[in-house]
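**Q** Predicted model follows, preceded by the sequence.
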Protein chains: 2
Amino acid sequence: MTDFSNAAHGRLSPEELEKVLREVGAARYHNRHPFHHQMTGGALTKPQIQAWALNRYCYQAVIPRKDAMIIARAEDPEFRAEWRKRIEDHDGSDGWNGGIARWLKLATGLGLDAEKVKGQRLALPATRFAVGAYLSFCTNRTLLEAVASSLTELFSPVIIGERVPAMLAKYDYVTPEILAYFDKRPTQASRDSDFALGYVMRHADTAEKQQTVIDALVFKCDVLWAMLDALAYAYGEAGHIPPGAFDPEMP
Amino acid sequence: MTDFSNAAHGRLSPEELEKVLREVGAARYHNRHPFHHQMTGGALTKPQIQAWALNRYCYQAVIPRKDAMIIARAEDPEFRAEWRKRIEDHDGSDGWNGGIARWLKLATGLGLDAEKVKGQRLALPATRFAVGAYLSFCTNRTLLEAVASSLTELFSPVIIGERVPAMLAKYDYVTPEILAYFDKRPTQASRDSDFALGYVMRHADTAEKQQTVIDALVFKCDVLWAMLDALAYAYGEAGHIPPGAFDPEMP
């Protein structure tokens, strides 16, 4: 395992910094997690996929809030106007016709009750803690770090390209309508990560700032990874569902 | 599993509220976690116990900070003077002769490097997220909820009474000196939880406030439970150590 904590001994060129960031993704993005491999390999049970959708909803639901926090801290109107597109993507025009609503359709398409998913009370505590850590990070760290933590989107078109065809092929109850959330995401994510990467390149102009940017991306990979760890443990074969969490046998 | 979310339909008497809080503990405190049972049953490997000590250090280290946050929000000088004892217990007179230092002795007594433990970089991300959630909770919720979240100490003398004799009996490398942290904790915890319980009884004077108190204790049990979940998954037989975390085979 590469130790990215010492990656930036001196100031890196923009090309070198981008290379390190892509190495972070190659080593730590959650497409390397066993749970993802089980998903694309057709090895998950329907309750496991339900648990994934229900827990991931908590993450989807916090995205516009963390993006609003980033906008709230940005002094440049052009930056704010660009970043605002992210909120629009997830909330839509009326709050319930954007990405969050499409994720809810994914969850209900898998047989989950919409109110239970929206209530988030059945999500794993570890999911809530990870998602809360992401919101806190975007609230308390520098704007540069908050922007850099979004750079996992550099890698999301790849994971979506793996996930969607595999799920359609391997699980007969998964339909294109259920996965409609993912239709728009690669285009949106590429637009957003291009902008965020450009911002990071312009503003990470010292070795110290570059290290904070690398650490921010490591942090965000940890968030996504910890969410899959928690799912794998709680809903794995041994069955370690924590008290009060979604239990497929008690619908 | 009892659903404590609907426990308080009307306002409870102090005795009824205490009964519900003790039911929360009986159902959700981490002495019910399989990892604790493995520990007291002598079934953990030394690397697993090392990982427990290293991760739990993050929790110990944040306690004085969350207590300072509680003091910072309290307007009553008597309350502040009482609560201050908690910081003194953990930091000692010079920062390194209280509970945190004793926990560090526990970790180094198990063969871990003090600086690596103090640095916290090798802890599981899930540990950091859970601990961070606890600090955020004490920062952002009401003072009553922050106080109530400390009430897991009602149950800590029991778990210490299970843990210490079992560890001394089952693991030949565990000595009374290594476990010195726990010598003072039952007395301190009883004093602290008596005070906190009295505060909660006096201030949770509506059904709504009583529900927030119950939810706060559930939340705190979730924090402790999630920490053991993460340990069990990462350092269990299958070996799912997340990228960058403590790896016993790479010392």
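**A** Cool, the structure landed. Just so it is clear, the structure is predicted and the values come from calculations on it, not from any experiment.
**Q** roughly how far apart are the residue nearest to residue A:30 when sequence neighbours are not counted and residue B:243?
**A** Spatially, and ignoring its direct neighbours in sequence, residue A:30 is nearest to residue A:224 (4.2 Å; Cβ to Cβ, 6 or more residues apart in numbering or on different chains). The way it works is simple: take the backbone N, C-alpha and C, and place the C-beta from them, glycine included. Distance from residue A:224 to residue B:243, counting by Cβ to Cβ, to the nearest Å: 11 Å.
**Q** the more surrounded of these two?
**A** Counted by other Cβ atoms under 10 Å in any protein chain shown, residue A:224 and residue B:243 do not tie: residue A:224 has more neighbours, with 24 against 19.
**Q** Next, the contact list for the residue nearest to residue A:30, please.
**A** Contacts for residue A:224 (Cβ atoms under 8 Å, 6 or more residues apart in numbering or on different chains) come out as A:29-30, A:152.
**Q** Give the buried residues for whichever strand or helix holds it.
**A** Secondary structure from DSSP states H and E places residue A:224 in helix A:207-234. Under the neighbour-count criterion of 16 or more other Cβ atoms under 10 Å in any protein chain shown, helix A:207-234 has A:209-234 buried.
**Q** just stretch A:78-90 next, same as before
**A** Judged by neighbour count (16+ other Cβ under 10 Å), stretch A:78-90 contains these buried residues: A:79, A:82-83, A:86-87, A:89-90.
**Q** same question, stretch A:240-251
**A** Neighbour count says stretch A:240-251 has A:240-248 buried, by 16+ other Cβ under 10 Å.
**Q** starting at the chain centroid, how far to that stretch?
**A** Centroid separation between stretch A:240-251 and its chain, computed with Cα atoms, centre = their mean, to the nearest Å, is 23 Å.
**Q** Who wins on neighbours among the contacts of residue A:224?
**A** Ranking the contacts of residue A:224 using other Cβ under 10 Å puts residue A:29 first, with 23 neighbours.
**Q** got the contact list for that residue?
**A** Residue A:29 touches A:152, A:155, A:159, A:221, A:224, counting by Cβ under 8 Å, 6+ apart.
**Q** Could you dump the buried residues of stretch A:240-251 into a markdown table with secondary structure added?
**A** Formatted as a markdown table, the buried residues of stretch A:240-251 follow (DSSP: H, G, I helix; E, B strand; the rest coil):
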| residue | secondary structure |
| --- | --- |
| A:240 | coil |
| A:241 | coil |
| A:242 | coil |
| A:243 | coil |
| A:244 | coil |
| A:245 | coil |
| A:246 | coil |
| A:247 | coil |
| A:248 | coil |
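**Q** overlap between those and the residues near chain B?
**A** Counting by Cβ under 8 Å from any Cβ of the partner chain, A:240, A:242-244 from the buried residues of stretch A:240-251 sit close to chain B.
**Q** what residues does the stretch 1-150 of chain A put near chain B?
**A** Residues of the stretch 1-150 of chain A lying near chain B (Cβ under 8 Å from any Cβ): A:1, A:3, A:5, A:27-28, A:34, A:121, A:124-126, A:128-130, A:132-133, A:136.
**Q** So which of these are in helices?
**A** If you go by DSSP state H, the residues of the stretch 1-150 of chain A next to chain B have A:27-28, A:34, A:125-126, A:128-130, A:132-133, A:136 in helices.
**Q** got a pLDDT number for the spatially most central residue of chain A?
**A** Central residue of chain A (Cα atoms, centre = their mean): residue A:224, 5.9 Å from the mean position. What the model reports as pLDDT for residue A:224 is 98.
**Q** Residue A:211 versus that one, what's the distance?
**A** The value you get for residue A:224 to residue A:211, if Cβ to Cβ is used, is 21 Å.
**Q** which parts of stretch A:59-78 are buried?
**A** Buried-residue list, stretch A:59-78, by 16+ other Cβ under 10 Å: A:59-71, A:74.
**Q** for chain A, what spans make up the helices?
**A** A:14-28, A:34-40, A:46-72, A:77-91, A:99-109, A:114-119, A:125-140, A:143-148, A:156-170, A:181-203, A:207-234.
**Q** ok so, going back, let me have the ones next to chain B among the buried residues of stretch A:240-251 in TSV, extended by pLDDT and distance to residue B:145.
**A** Putting those into TSV (pLDDT from 0 to 100; distance: Cβ to Cβ, whole Å) gives the following:
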residue	pLDDT	distance to residue B:145
A:240	95	28
A:242	97	21
A:243	96	19
A:244	96	18
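**Q** and of those, the nearest to residue B:23?
**A** If you rank these by distance to residue B:23 using Cβ to Cβ, residue A:243 comes first, at 11.9 Å.
**Q** contacting residues around that closest one?
**A** By Cβ under 8 Å, 6+ apart, the neighbours of residue A:243 are B:1, B:27-28, B:221-222, B:225.
**Q** Could you do residue A:150 as well?
**A** Contacts were defined as Cβ under 8 Å, 6+ apart; by that measure residue A:150 touches A:70, A:192-193, A:196, A:220.
**Q** The closest residue to residue A:98 other than its chain neighbours: neighbour count?
**A** Leaving aside its chain neighbours, residue A:98 sits nearest to residue A:92 (3.0 Å; criterion: Cβ to Cβ, 6+ apart). Residue A:92 has 15 neighbouring residues, counting by other Cβ under 10 Å.
**Q** Same check on the one 10 residues further on?
**A** Neighbouring residues of residue A:102 were enumerated by other Cβ under 10 Å; the total is 21.
**Q** same check, this time on residue A:139
**A** Neighbours around residue A:139, by other Cβ under 10 Å: 15.
**Q** likewise the one 4 residues further on?
**A** The burial count assigned to residue A:143 is 19, neighbours taken as other Cβ under 10 Å.
**Q** Now the buried residues of stretch A:240-251 in CSV, please, with extra columns for distance to residue B:47.
**A** As requested, the buried residues of stretch A:240-251 are arranged in CSV below (distance: Cβ to Cβ, whole Å):
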residue, distance to residue B:47
A:240, 20
A:241, 26
A:242, 24
A:243, 27
A:244, 30
A:245, 28
A:246, 31
A:247, 31
A:248, 33
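**Q** so which two of these are the farthest from each other?
**A** A:243 and A:248, at 15.5 Å, using Cβ to Cβ across these.
**Q** picking up where we left off before, just the buried members of the residues of the stretch 1-150 of chain A next to chain B?
**A** In terms of neighbour count (16+ other Cβ under 10 Å), the buried residues within the residues of the stretch 1-150 of chain A next to chain B are A:28, A:124-126, A:128-130, A:132-133, A:136.
**Q** circling back: so can I have JSON lines of the buried residues of stretch A:59-78 showing distance to residue A:99?
**A** Listed next are the buried residues of stretch A:59-78 as JSON lines, based on distance: Cβ to Cβ, whole Å:
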{"residue": "A:59", "distance to residue A:99": "11"}
{"residue": "A:60", "distance to residue A:99": "6"}
{"residue": "A:61", "distance to residue A:99": "10"}
{"residue": "A:62", "distance to residue A:99": "12"}
{"residue": "A:63", "distance to residue A:99": "8"}
{"residue": "A:64", "distance to residue A:99": "9"}
{"residue": "A:65", "distance to residue A:99": "13"}
{"residue": "A:66", "distance to residue A:99": "13"}
{"residue": "A:67", "distance to residue A:99": "11"}
{"residue": "A:68", "distance to residue A:99": "15"}
{"residue": "A:69", "distance to residue A:99": "17"}
{"residue": "A:70", "distance to residue A:99": "17"}
{"residue": "A:71", "distance to residue A:99": "17"}
{"residue": "A:74", "distance to residue A:99": "21"}
